[in-house]
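Engineer: Sharing a sequence plus its predicted fold:
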Amino acid sequence: MAKLNQIFVCTSCGHESPKWLGTCPGCKEWNCYVEQEKITGKTKLHKAKIAGLELEHAPKPQMLNDITVTDTSRFQTGIVEFDRVLGGGCMHGSYVLIGGAPGVGKSTLTLQIAKHQPNLSILYCAGEESVIQIKQRAKRIGVTSDKLWLINETQIESIIEQAQKLQPDLLIVDSIQTVYRNQLSSMPGSVAQVKECAALLQQLAKKSKLSIMIIGHITKEGDIAGPRILEHMVDTVLSFEGDDHYTYRLLRSIKNRFGPANEVGVFEMQQDGLDQVPNPSAYFLEERNQEVSGSAVGCIMEGSRPILIELQALVSPSAYGTPQRTVTGIDRNRVLLLLAVLEKRTGFKFSDKDVYVNVAGGLKIKDPSADLALCIALISSLLDISLDYNQLWLGEIGLAGEIRRVSQLERRIKEAEKLGFTFGWIHNNHNSKKPPYHLKDVLQSFMQKKSPK
């Protein structure tokens with residue numbers, strides 16, 4: 001017989017405790033325990049009416065060599081950038097989680113699948129909007145598919161029942177934090193409800209070969225809200241990123257069982273929905289000024305895609321006792337490290353200067369191959385010397401001032417040549433016996449070319 005017991009559950013990681021704790025032993029968060037009811041004994045949880053879950057329909061073991069994978073194992077969403085991030089299309093029976101900030105365009109992106117693939121049958125379950133609101137958005141972005149079903153439902157049993165009845169190609173649940181199950185007394189969005197509903201949807205996807213996309217909220221730190229087990233349950237975790245001050249959006253794969261992780265798709269938010277950006281390098285460089293010092297071009301890798309970026313630096317005399325260091329778009333500690341290397345290894349003094357660094361276009365980068373471009377931009381601003389407009393700088397800087405090789409060099413070279421860029425300096429020596437190049441030598445060569453004749 002099932003019984004109800006009172007327990008305390010961490011809202012960050014889902015750790016359970018029989019009593020309230022000030023600090024969670026799992027994730028070390030403070031004041032995160034809430035009281036909930038837990039059902040113990042014989043229950044019917046995780047056993048919704050899903051065809052194929054009955055014992056008599058349990059799958060039998062198969063030999064590895066007897067399992068065939070064909071081209072029909074995937075279907076295209078019709079959005080090239082979306083398919084790129086998914087690894088070449090959406091797998092039948094896949095379970096995809098899309099997270100992002102409010103208003104970034106998660107619902108618009110998933111709804112646009114019906115626009116680009118009108119022959120794809122889609123069941124869109126909305127827990128936060130009415131079908132009238134979805135109809136208005138669909139009209140705005142030009143969705144006219146006659147195979148798109150809309151339903152405003154948050155009860156998981158009803159969602160599963162409708163999915164099995166309609167047998168769509170794709171089920172979209174917006175969002176997982178609004179879905180609940182009656183057998184649990186906790187509120188929708190709680191750890192118990194998210195885990196239970198996500199587990200049922202996972203079984204539905206794997207047993208019925210139905211592709212499911214769920215939309216998830218994020219916390220103020222930028223992580224996907226809910227227990228960490230949610231990201232382990234799904235096959236693919238996508239992060240939809242954007243800035244309020246820019247129209248571009250980045251769709252990044254954090255986890256992907258069917259393709260490469262860290263792949264990136266670039267979109268631009270317009271009045272009629274999300275437009276794809278097939279050439280992000282030209283997009284981020286289109287407003288670059290030609291005659292200004294402190295601007296250098298580098299090339300970073302976002303997944304398997306090379307993207308050319310503009311790094312801007314402004315170095316000016318400090319008006320206060322403590323020099324200012326303002327950084328946007330790149331790790332501040334990385335900038336401080338490069339400033340220390342420039343002072344120690346090359347003799348250029350920045351300790352009495354205010355330094356401002358920015359990645360143009362609002363892009364946020366982590367690739368260390370942009371180190372050399374940033375150093376050149378800093379020196380260019382310090383000496384007030386403008387760089388050649390079509391020069392690109394590529395290399396990682398070590399603490400000794402050495403310039404190290406970068407990964408996937410061939411792809412970066414092809415991207416630069418396609419846009420008409422030449423290399424101000426590039427480390428293309430693959431002979432490990434030869435000592436590495438030094439930053440001081442590169443800067444001396446740069447100064448000789450820029451010195452007045």
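Structural biologist: Arrived safely, thanks for sending.
Engineer: Show me the helices in the chain, by range?
Structural biologist: 80-86, 106-116, 131-141, 156-166, 191-208, 229-233, 280-285, 332-341, 371-383, 409-418, 439-450 (DSSP state H).
Engineer: Pick the most buried one from these.
Structural biologist: helix 371-383 (a mean of 25; mean count of other Cβ atoms under 10 Å). Glycine gets a C-beta too; all of them are placed from N, C-alpha and C.
Engineer: Please name every helix or strand in contact with it.
Structural biologist: strand 295-302, strand 305-317, helix 332-341, strand 353-359, strand 391-394, strand 396-397, helix 439-450 (3 or more Cβ pairs under 8 Å, 6 or more residues apart in numbering; DSSP states H and E).
Engineer: Residues in contact with that helix: which ones?
Structural biologist: Under the contact criterion Cβ atoms under 8 Å, 6 or more residues apart in numbering, helix 371-383 has outside partners 293-298, 311-315, 330, 334-335, 338-339, 341-342, 348, 350, 353, 355, 357, 385-387, 392-397, 403, 424-425, 439, 442-443, 446.
Engineer: Over to stretch 359-367?
Structural biologist: 241, 243, 245-246, 248, 283-285, 287-288, 300-301, 307, 309-312, 328-331.
Engineer: Which members of those residues are classed as buried?
Structural biologist: 241, 243, 248, 283-285, 300-301, 307, 309-312, 329-330 (16 or more other Cβ atoms under 10 Å).
Engineer: Okay, Lys220 and Gly103: tell me how far apart.
Structural biologist: Distance of Lys220 to Gly103, computed by Cβ to Cβ, to the nearest Å: 15 Å.
Engineer: and what of Ser381?
Structural biologist: Per Cβ to Cβ, Ser381 is found 36 Å from Gly103.
Engineer: Quick check: nearest residue in space to Val424, chain neighbours excluded?
Structural biologist: Actually, residue 424 is Gly rather than Val. Excluding its sequence neighbours, the residue lying closest to Gly424 (Cβ to Cβ, 6 or more residues apart in numbering) is Gln391, at 3.8 Å.
Engineer: Could you double-check that that neighbour sits in contact with Cys299?
Structural biologist: No: using Cβ atoms under 8 Å, Gln391 is not in contact with Cys299, being 11.8 Å away.
Engineer: neighbour count winner among the two?
Structural biologist: Cys299 (27 against 17; other Cβ atoms under 10 Å).
Engineer: residues contacting that one?
Structural biologist: Shown in contact with Cys299 (Cβ under 8 Å, 6+ apart): 306-309, 369-370, 392, 394, 412, 415-416.
Engineer: wait, what's in contact with Glu415?
Structural biologist: By Cβ under 8 Å, 6+ apart, the neighbours of Glu415 are 281, 299, 306-308.
Engineer: With respect to Thr144, which of the contacts of Cys299 is nearest?
Structural biologist: Nearest to Thr144 among those, counting by Cβ to Cβ, is Ile307 at 33.9 Å.
Engineer: so that closest one makes contact with Ser281?
Structural biologist: Yes: if you go by Cβ under 8 Å, Ile307 and Ser281 touch, sitting 5.4 Å apart.
Engineer: If we only consider the contacts of Cys299, which is nearest to Glu128?
Structural biologist: Ile307 (33.2 Å).
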